[in-house]
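> Fold the following, please.
(one chain, ligands or ions: 3)
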Amino acid sequence: MALTLAVRDGDAAEIDTPLLGVLLQAGSELPSDLQALDEAVGGALTRALKRGDFKGSRDESLHLDGGSSKAGRVLLIGIGTPTEPTASYRRGASLLARQAHRLGTGAVAVVAPDAAADLIESIVVGLNLGCWEYIDLKTPPPEAERKKPLTKATVVADGRDAKDAVARGEAIAAGYEVARRLAQMPGNLCTPDLLAKTATDIGRRHKLKVTVLGRREMERQKMGSFLCVAQGTPEDPKLVTMEYRKGKRGDAPIVLVGKGLCFDTGGISIKPADRMEYMKFDMCGAAGVIGAMETIARLKLKVNVVGMFGATTNMPSGTAVKPGDVVISHLGKSIEIINTDAEGRLVLADLLSYARRFKPAAVIDAATLTGACVIALGHVATGVLGTDQDLVDEVIGAARRAAEPGWQLPLWDEYKELIKSDVADMKNSGGRAGGTISAAMFLKEFAEEYPWVHLDIAGTAYSEADLVAMPRGPTGVPTGTFVEFVRGRAG
Ligand code: BES
Ligand code: MN
Ligand code: ZN
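Ligands and ions are numbered 1, 2, ... in the order given. Below you'll find the predicted structure:
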């Protein structure tokens, strides 16, 4: 259910709402904007702050009755000491939306007296993400047990700027929603064909040029690396490009690349059964590209961007590629397949070499590429590796602004040893030690002719635990990182 946003100015105590959320930083005294509200609740705000019942720490919340204010309930939410305000306010707003959703209030209002005006954007993103859910495949509960979904939110603020910030927040949330939805859909529904159709729909709505290559076209392009992954499935693999050109004519585009494995069984090097179901998420890089293109188009950013992804399903079968097989990539380099479960890099190799045709200013790829990255960085940071340190720094900055932190790992020549093959130019697996790095070293062999950064989102694209501000499930990473990077470059 979509959330309808409104902006209203005026005093917080005068907002007619079933639930008024008040986002407060740590250690705030009662802001003057909340004086009337405090009086309406009989001084309960001041007392809560004085007694330390509410300190404003991150994720802290305190419920009050609305008293004689126009709010049914008041919910104080702690923002903590925001070193990264975007992330902090997004989190606080998500928490508020989740509470509203849980209580079934249907509507919510939010006031953030100590936030700068541009943080309204983050608040709107947070509200939307907080009430996001994927319920299409569940039978709706009987009417009597149904809770009102959160469908209305009011931001208490004034001015034209606030309206613009709300619109930007909604554009960003829309991209995240596309990405999360695709990520949560099971592999029998989220097929390469569906990913291609979703991209085509977005293209039609925003007048982007979308092209879709299938198996035949990729054979003509001699994409032996991508195609060997797809040779075990009857589904037609798809290579999709989405061109958004609102920058200067002739300006080199930013190219965003995503791994789109609609399911990864491992192929002949099959994965263990336990937790294999999570591998429906192996298309989160592609989902991030699609989501980011939706947002970029809504924001009408003045920049040239090409979104690109490769979609297929990694299956064992009589026709599947086998360990020991050697394939020739689009770039012409030969690859010995050591492990058919190292399939993402095989898809990306041909995408990265195909990307050269756009003469990119920069290429950023995102992929749920290695279990090793989950071991190295857990579920907190995305792995960042690249050939151009300035670009790496720029991407890490964008990731921070998007509240999707990234951490760099080295790409030194010493690691090239790991992917040396006896029979081909390289092998597709470098073993367990330094697994994230050897995967990126492999990709580097195909990222020629442009500055390039790789994001390993294996640990960050999906949360297996219910986090305070987010339910278990897809996070939407790397949508925000892509958007912030592009926004940072837009004129
Ligand atoms: N999609 C997986 C990466 C993955 C594994 C993400 C576990 C999240 C959790 C990828 O295709 C893969 O299977 N990688 C292998 C590479 C290995 C065979 C060199 C891995 O990480 O085990
Ligand atoms: Mn795999
Ligand atoms: Zn995979």
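> Tell me how far the residue of the stretch 301-450 of the chain found nearest ligand 3 lies from residue 436.
Using CB to the ion, residue 344 is the residue of the stretch 301-450 of the chain that sits closest to ligand 3, at 4.4 Å. In short, each C-beta sits where N, CA and C put it, glycine included. For residue 344, the distance to residue 436 equals 12 Å [CB to CB, to the nearest Å].
> and if you look at residue 25?
Plainly put, residue 25 is 36 Å away from residue 436 if you go by CB to CB.
> For this structure, which residue gets nearest to ligand 3?
Going by CB to the ion, ligand 3 is nearest to residue 264 of the chain, at 3.7 Å.
> what's the longest helix in this structure?
Assignment by DSSP state H gives helix 160-184 as the longest helix of the chain.
> for it, which positions count as buried?
Buried residues in helix 160-184, counting neighbours by 16 or more other CB atoms under 10 Å, are found at 162-163, 165-184.
> need the next SSE after that helix, C-terminal direction.
For helix 160-184, the succeeding helix or strand toward the C-terminus, using DSSP states H and E, is helix 192-206.
> Measure how far that following helix is from the centre of its chain, please.
Distance of helix 192-206 from its chain centroid, counting by CA atoms, centre = their mean, to the nearest Å, is 18 Å.
> just stretch 425-441 next, same as before
Worked out by CA atoms, centre = their mean, stretch 425-441 lies 25 Å from the chain centre.
> Let me know whether the stretch of helix or strand residue 293 belongs to sits next to ligand 2.
Assigned by DSSP H and E, residue 293 belongs to helix 284-299. No: if you take CB under 5 Å from the ion as the test, helix 284-299 misses ligand 2, and the best it gets is 12.9 Å.
> what about that helix, near ligand 1?
No: using CB under 6 Å from any ligand atom, helix 284-299 never reaches ligand 1; the gap is at least 9.4 Å.
> Helix 192-206 and that helix, what's the angle between them?
Using axes from the mean of the first three to the mean of the last three CA atoms, to 10 degrees, one finds that helix 284-299 and helix 192-206 are set 10 degrees apart in direction.
> Helix 284-299: what's the following helix or strand?
Next along the chain after helix 284-299, taking DSSP H and E as the criterion, comes strand 304-314.
> Show me what the helix or strand following that next one is packed against.
Going down the chain from strand 304-314, the next helix or strand is strand 326-328, by DSSP H and E. Helices and strands touching strand 326-328, by 3 or more CB pairs under 8 Å, 6 or more residues apart in numbering; DSSP states H and E, are helix 224-230, strand 334-336.
> Not counting sequence-adjacent ones, nearest residue to the residue of the stretch 301-450 of the chain found nearest ligand 1?
For the stretch 301-450 of the chain and ligand 1, the shortest gap (CB to the nearest ligand atom) falls at residue 371, measuring 3.4 Å. Distances taken as CB to CB, 6 or more residues apart in numbering place residue 458 nearest to residue 371, at 6.4 Å, with adjacent residues excluded.
> surely the one you found meets residue 377?
No: counting by CB atoms under 8 Å, residue 458 stays clear of residue 377, with 9.1 Å between them.
> Now do the shared contacts for these two.
residue 383 (CB atoms under 8 Å, 6 or more residues apart in numbering).
> Which residues does the closest residue to ligand 2 within the stretch 151-300 of the chain form beta bridges with?
Residue nearest to ligand 2 within the stretch 151-300 of the chain (CB to the ion): residue 264, separated by 4.4 Å. Beta bridges link residue 264 to residue 314 when assigned by DSSP bridges.
> Which residues outside stretch 22-33 are in contact with it?
11-12, 34, 37-38, 45-46, 49, 54-58, 74-82, 89, 92-93, 96, 110-115, 123.
> among those residues, which ones are buried?
In the contacts of stretch 22-33, the ones that pass as buried (16+ other CB under 10 Å) are 11-12, 34, 37-38, 45-46, 49, 54-56, 58, 74-80, 82, 89, 92-93, 96, 110-113, 115, 123.
> In strands, which of the residues you listed fall?
Judged by DSSP state E, strands contain the following of those: 74-80, 110-111.
> what comes up buried for stretch 387-406?
Across stretch 387-406, burial judged by 16+ other CB under 10 Å covers 387, 391-392, 394-396, 398-406.
> What is the end-to-end distance of stretch 470-478?
16 Å (CA to CA, to the nearest Å).
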